[in-house]
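K.L.:
Okay, here's the prediction I keep looking at, along with the sequence it came from:
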Amino acid sequence: MSRATMERAAKSHTLTISSGQTTSNAVHIGEDEFNGLLGSTAFSSTQITFEVANSSDSAIWSQACDRAGTALTVTVSTNSAKAYTDSTIHTVLKPYPWLRIVSGSTGEAAARTLTLMCK
């Protein structure tokens, strides 16, 4: 493995869920691999799921599910950083260049920002 490959820098994408909403803006992750989330200072839900699409203006966003049809769900905590090494997450998200997150709450009490880390 080349030194350049080993030192490939992490990329970050900002996801924001507006006040009263449950779904974030869309981000283009392209060929990058999802590796983790940096939590918001306050978050109404402890669970998030993912929606994926082939384009940002897609009329059809699909819930990201594993082979059994179960939604990919991750736990988030206030002011936390979580790394995700589960191969199921990587396998399900990899084919889709666009991603957004969905809060498990009925609506965030205020705008919430999470940072999606990719490599």
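P.N.:
Arrived safely.
K.L.:
Centroid-nearest residue for the chain?
P.N.:
The residue lying closest to the centre of the chain (Cα atoms, centre = their mean) is residue 101, at 5.1 Å.
K.L.:
pLDDT weak spots in this protein?
P.N.:
Scanning the chain with the threshold set as pLDDT under 70 gives 1-9, 41, 44-45, 79, 81, 83, 85.
K.L.:
make it 50
P.N.:
Where the chain drops to pLDDT under 50, the residues are 1, 3, 5-6.
K.L.:
All the strands of it, residue numbers only.
P.N.:
Remark: strands assigned in the chain by DSSP state E are 11-17, 27-28, 34-38, 47-53, 62-63, 73-75, 81-83, 98-103, 112-118.
K.L.:
out of those strands, nearest to residue 90?
P.N.:
strand 34-38 (6.7 Å; Cβ to Cβ). Using the backbone N, CA and C atoms, a C-beta is placed for each residue, glycine as well.
K.L.:
Can you list the strands that the closest one pairs with?
P.N.:
Partners of strand 34-38 in the sheet, by DSSP bridges, are strand 81-83 (antiparallel), strand 112-118 (antiparallel).
K.L.:
Point out the most buried one among these.
P.N.:
Of all the strands paired with strand 34-38, strand 112-118 has the most neighbours on average by mean count of other Cβ atoms under 10 Å, namely a mean of 19.
K.L.:
Can you give the contact residues for that strand?
P.N.:
10-17, 24, 27, 29, 32-40, 42-44, 48, 76, 83, 99, 101, 103 (Cβ atoms under 8 Å, 6 or more residues apart in numbering).
K.L.:
Which of those are buried? Put it as a ChimeraX command.
P.N.:
In ChimeraX syntax, the buried subset of these is picked out as below (16 or more other Cβ atoms under 10 Å):
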select :13,15,17,24,27,29,32,34,35,36,37,38,39,40,43,44,48,76,99,101,103
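K.L.:
pretty sure residue 50 contacts residue 65?
P.N.:
No - here residue 50 lies out of contact with residue 65, judged by Cβ atoms under 8 Å, at a distance of 9.3 Å.
K.L.:
These two: who's more crowded?
P.N.:
Neighbour count, other Cβ atoms under 10 Å: between residue 50 and residue 65, residue 50 has more, with 24 against 15.
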